[in-house]
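Engineer: here is a sequence with its predicted model. Questions after.
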Amino acid sequence: MNHRTAVRSTALGYPRIGSDRELKRALEAHWAGRLDAAGLERAAAAVRAEMLDDLSVLDQVPTGVFSYYDHVLDAAFAVDAVAPRHRRSDRLASYFAAARGDDAAAPLEMTKWFDTNYHYLVPEIGPATAFAPRPEKAVAEFLEARERGLDARPVLVGPASLLLLAKAAEGAPADFRPFDRLGDLVEVYVEMLAALAQAGAGLIQLDEPALCADRTPAELEAVAAAYRRLVAEAEILVAGGYGPFGESLPVLLESGVEGIALDLVRGRSDLEALASLDVSRETFIVAGVVDGRNIWRTDLADAAADIEAVKALTDRVGVASSSSLLHVPVDLAPETGLPPLLAERLAFARQKLIELTVLADPDGARDARPASPAAWRDAAVRDRLAALGDGADRRAPYADRQASQAKRVPLPPLPTTTIGSFPQTAELRKARAAHRQGLMIDADYQARMKAEVAAVIAEQERLGIDVLVHGEPERNDMVQYFAELLTGFATTAAGWVQSYGSRCVRPPILYGDVARTAPMTVPWTSYAQSLTAKPVKGMLTGPVTILAWSFVRDDQPLADTADQVALALRDEVADLEAAGTAIIQVDEPALRELLPVREAPRAAYREWSTRSFRLATSGVRPDTAIHTHLCYSEFGVVIDAIAALDADVTSIEASRSKMEVVADLGRAGYRSGIGPGVWDIHSPRVPAAAEMAEALRLAVAALGPDRVWANPDCGLKTRRYEEVVPALEGLVEAARTVRAEAA
């Protein structure tokens, strides 16, 4: 082993929204017409400058990782794979039409980026898609870093992943796959690489996270040919970042790539596999030992051991984040309100950069991370879970429940509802902020929230919606709201993370055992129900989603933590039922999100994730309906898990994917109620009633009219009332139209 081998620090990517969400505000001002394109670019340049300031502590800096909306959309635009309906005379307008839609066209489909809470836009590629190189963004951002004297490394989404993440364009033959175009796309990448090399780039990073999933021999053969072609033109570092490369690892190394970046947090098996491969001592191996997806301090002693193992294989070693740091907040420094014992165990993006520099320094201290304090464990919670019987997660058969629920709450065919939240207006946000800062007394705050609930109930009554919601005006976020009311959680002041586009979330930190100390939603739901004779749904966030949208403790299995959260929710469900709530919705939009990237560990995940949901919901009577909601994922791979939740009604995203999931459910023999979303609320576009009616017809044709509900595909908190009211009017009209046709 060569202990004198120099180790170079780098990162695979970085947060790109700004340390104070500067890009978010600029984007939203631009979309609202308050900021022109030049002003938007000035704001973007300032964010990129801040990114480079932060990254400058590293030996080598990734460039091209900034995005106005989404890096996969950037990659599609970089090869001119733009759907015809999104082409505009202005390139920025074309870009935002693809991202958000406009009056003339629906946007691209949106789905989860592997097993994270980041959403990417799904490119549409067909046999006739005319690829062409558009390297201007990559070159310009590389030159920005070079002008600062930084050792810059351009980053592009790799050609294999771009195609494997895409979907077939409308009108493509049934047997066509975008991956069939790999040979054509590689030639465009050759031109992109040449443009970067001409600008002075040496090593170029191609992100191929799709090669960390199970791949067929035919796919691997095509990847091998593609990379043999690419390495003839440039020095390439291939990065995965979301698990082990597995069977893709020898294929990439044998193609002659200059380097490979390994995720040694979730893909440590690759390190063991390298020992059995004939790796050249000249291969640049980047050890991804700093977790890019969680906020716990790195155990520097363990990380140093992995770096030493890499040194045994090569003379060219890098140390990096395991994935892009896109998934963590920018800076821990503003979080002065966190408990000291917790704060000293955390590292956000800027702190992780420092960890990387320490690990690259031959004289840096390699301290082990301290163990979690015993005070974070709750014996009562653990004893209660241990005492649960085998039947704690089971209900009566669905057919029996359906009959008793129909008797308790009679509803028409194709009943209409919404997913939960109503618009969070500026006035509501100001009231919550004033209350949090002590500028509004409790009584005034409660009165303001109750007035909003009353207005939301009245509006739904006017619209003719069948099952109502209270609108959730008191909730800042569907996970943070509960985190603030449960033990074992902490929340941040400025720990923002990009979810998609300008949408940012502040994931809570789940650091200890979880328990409920008092009812969390019952007073709001009961008040709303007192205002109407129509049923009002109780609204909760499910245990898997609370985990997925939090930074979760890593000192025990996720399954154990999920059961603790489920037990707390079980108490809330019981109190809602005792208060007379007939329909309780427990949302699990992240069910698909935590599904392991590879097939082997998926069965175990499906078992514990669905069990935790049932544990939260199975304590109710047969005549109490349990609803759930899922959104923005490829649901075909979790159809069996959706069934295993044993919910009475599942509402699901279906608008951007054009009801594809309905066919999946029909083929799988799904028998419970289903609410396929007919309105994409992540776009400002308001669909016509006829368009929503056609979507409902597709659902009814596949599943029959007795099990289909009519609803949007997600909550309405991010939309404006000017969009919500006409869209809901159209939804109600569409449901009545299809209801009459079915009758």
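Structural biologist: That came through, no problem.

Engineer: my guess is Arg570 meets Gly619, correct?
Structural biologist: Yes. In this structure Arg570 lies within contact range of Gly619 using CB atoms under 8 Å: 5.4 Å. Any C-beta I mention is one placed from the backbone N, CA and C, and that applies to glycine too.

Engineer: who's more crowded, those two?
Structural biologist: For the pair Arg570 and Gly619, the greater number of neighbours falls to Arg570 (22 against 16), based on other CB atoms under 10 Å.

Engineer: what comes up buried for the helix or strand hosting the more buried one?
Structural biologist: Per DSSP states H and E: Arg570 is located in helix 558-578. Of the residues in helix 558-578, 558, 561-573, 575-577 count as buried by neighbour count, 16 or more other CB atoms under 10 Å.

Engineer: ok, stretch 21-34 next?
Structural biologist: 21, 23-24, 26-27, 29-30.

Engineer: among these, which two are most distant?
Structural biologist: Using CB to CB, the buried residues of stretch 21-34 reach their maximum pairwise distance at Arg21 and His30, which is 14.4 Å.

Engineer: where does pLDDT dip in the protein?
Structural biologist: 1-4, 632-636, 656-658 (pLDDT under 70).

Engineer: let me know how buried Asp175 is, in neighbour terms.
Structural biologist: Counted with other CB under 10 Å, Asp175 comes out at 7.

Engineer: I should have written Glu41 there, sorry.
Structural biologist: The burial count for Glu41: 14, using other CB under 10 Å.

Engineer: for Asp90, same thing?
Structural biologist: When neighbours are counted by other CB under 10 Å, Asp90 comes out with 10.

Engineer: and stretch 87-102, how far from the chain's centre?
Structural biologist: 23 Å (CA atoms, centre = their mean, to the nearest Å).

Engineer: residues making contact with that stretch?
Structural biologist: 31, 37, 40, 68-70, 73, 76-77, 82-83, 85-86, 104-105, 107-108, 121, 501, 680, 682-685 (CB atoms under 8 Å, 6 or more residues apart in numbering).

Engineer: tell me the buried residues in that stretch?
Structural biologist: So, applying 16+ other CB under 10 Å, buried residues of stretch 87-102: 88, 94-102.

Engineer: check stretch 451-459 too.
Structural biologist: 452-454, 456-457, 459.

Engineer: could these be laid out in JSON lines, adding distance to Asp648 and secondary structure?
Structural biologist: Output for the buried residues of stretch 451-459, formatted as JSON lines (distance: CB to CB, whole Å; DSSP: H, G, I helix; E, B strand; the rest coil):
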{"residue": "Glu452", "distance to Asp648": "28", "secondary structure": "helix"}
{"residue": "Val453", "distance to Asp648": "25", "secondary structure": "helix"}
{"residue": "Ala454", "distance to Asp648": "28", "secondary structure": "helix"}
{"residue": "Val456", "distance to Asp648": "24", "secondary structure": "helix"}
{"residue": "Ile457", "distance to Asp648": "23", "secondary structure": "helix"}
{"residue": "Glu459", "distance to Asp648": "26", "secondary structure": "helix"}
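
Engineer: nearest to Leu211 among those?
Structural biologist: Using CB to CB, the buried residues of stretch 451-459 come closest to Leu211 at Val456, 46.9 Å.

Engineer: who's in contact with the closest one?
Structural biologist: 422, 469-471, 473, 528.

Engineer: so which of those comes closest to Leu203?
Structural biologist: Among these, and counting by CB to CB, the member closest to Leu203 is Phe422, at 49.9 Å.

Engineer: which residue packs closest to that closest one, ignoring adjacent ones?
Structural biologist: Leaving out its chain neighbours, the residue that sits closest to Phe422 by CB to CB, 6 or more residues apart in numbering is Gly471, at 3.6 Å.
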